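Chemist: Return a 3D structure for these sequence lines:
(one chain, ligands or ions: 2)
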Amino acid sequence: MKDNIFINSAEMQNATIDWNNGQIYGDGIDNDNNGFIDDIIGWNFKKGNNNPFIESYTEGDHGAKTSSVCGAVGNNGLFISGTNWHVSILGLKVDGDWIPNSIEAIDYCDSMGVNVINMSYGATWLNDPNFHMAIQDAYNNHNILFVSIAQNYNSETKVYPGAWPEVMALAATMLDDTKKSDSNYGDWVECTATVEKNGFLTYDFSTHSHIGYVSTGATSTAAPITAGLAGLLNALNPSLTNVQIRTIIN
Ligand SMILES: [Ca+2]
Ligand SMILES: [Ca+2]
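Modeler: Ligands and ions are numbered 1, 2, ... in the order given. Sure, this is the predicted structure:
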């Protein structure tokens, strides 16, 4: 996936990315003066450092898995293909249960010119006005398209951020177009993506290498499938707005 990882060229002077060991070495200077020192391939808002690589399973590898669904390089004989083979993924690690992390990451995306934000997380307790305001600002003033999930407990219960009107909530379907049994549903769900046979990369944090893939998915997979599609539409016609891309997908 590394060929599709965003590189902040302004921070690359005197910088080294050790892809094999998951380490990032910068010059200790905030070269682009954006308030983040050595944000070379993104930021770890959870830990407040510049390393969004997976460090341990307990820290969580959900973001790496879902990113692979969107942007794993295709046609190379390795594991899976993402929906978008030539994409620039800006990895921002957040604690999905801690609202300030998400707000900080959205503000960061506003400043970096991001087109699409995938958020493969959602909960009832994330229904927070400040979180919603950050999304509204990014959606209305920074042309960012938001893709999130319906969640996986076979319920009509709304989860956030997916249930906010500025966010596409994705349900999960099977190859025969039926709902995946555990996918949430309801009139607040915007669209669906087929997750059966759609796998994601699995990762070994001790060797920082891809070790295989699993061919199951849920709504967390449905969202980045759609985010990848949004990126393809943006590449096809960069003048499209987030609302226009959303309309085309629907
Ligand atoms: Ca910086
Ligand atoms: Ca630097």
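
Chemist: Pull up the residues of this protein that are close to ligand 2.
Modeler: Contact residues, the chain versus ligand 2 (CB under 5 Å from the ion): 11, 26-27, 29, 31, 38. To be clear about C-beta, it is placed using only N, CA and C from the backbone, and glycine gets the same treatment.

Chemist: wait, which of those is closest to His86?
Modeler: Nearest to His86 among the residues of the chain next to ligand 2 is Glu11, at 22.1 Å by CB to CB.

Chemist: Around the residue nearest to the closest one when sequence neighbours are not counted, how many other residues sit close by?
Modeler: Take Glu11 and drop its neighbours on the chain: the residue closest to it by CB to CB, 6 or more residues apart in numbering is Ile40, 4.7 Å away. One way to gauge burial is a neighbour count; for Ile40, by other CB atoms under 10 Å, it gives 26.

Chemist: Please apply the same query to Gly113.
Modeler: 10.

Chemist: and it, what are its phi and psi?
Modeler: With angles defined as degrees, to the nearest 10, Gly113 shows backbone torsions of phi 70, psi 30.

Chemist: Look up how far ligand 2 lies from it.
Modeler: In this view, Gly113 and ligand 2 are 19 Å apart by CB to the ion, to the nearest Å.

Chemist: Could you tell me the end-to-end distance of stretch 136-156?
Modeler: With CA to CA, to the nearest Å applied, stretch 136-156 spans 24 Å between its terminal residues.

Chemist: Give me the buried stretch members for it, please.
Modeler: Going by neighbour count (16 or more other CB atoms under 10 Å), the buried part of stretch 136-156 is 138-139, 142-152.

Chemist: nearest to Val73, of those?
Modeler: Set against Val73, the nearest of these by CB to CB is Val147 (20.5 Å).

Chemist: counting contacts, what elements does the helix or strand encompassing the closest one pack onto?
Modeler: Element membership of Val147, judged by DSSP states H and E, is strand 145-149. Contact analysis of strand 145-149 by 3 or more CB pairs under 8 Å, 6 or more residues apart in numbering; DSSP states H and E lists strand 116-119, helix 129-141, strand 167-173, helix 219-236, helix 242-249 as its packing neighbours.

Chemist: How far off centre is it?
Modeler: Centroid separation for strand 145-149 versus its chain: 9 Å, with CA atoms, centre = their mean, to the nearest Å.

Chemist: Could you tell me which strands it is paired with, and in which direction each runs?
Modeler: Based on DSSP bridges, the pairing partners of strand 145-149 within the sheet are strand 116-119 (parallel), strand 167-173 (parallel).

Chemist: Would you double-check that Gly63 falls in a helix?
Modeler: Yes: the assignment for Gly63, made by DSSP: H, G, I helix; E, B strand; the rest coil, places it in a helix.
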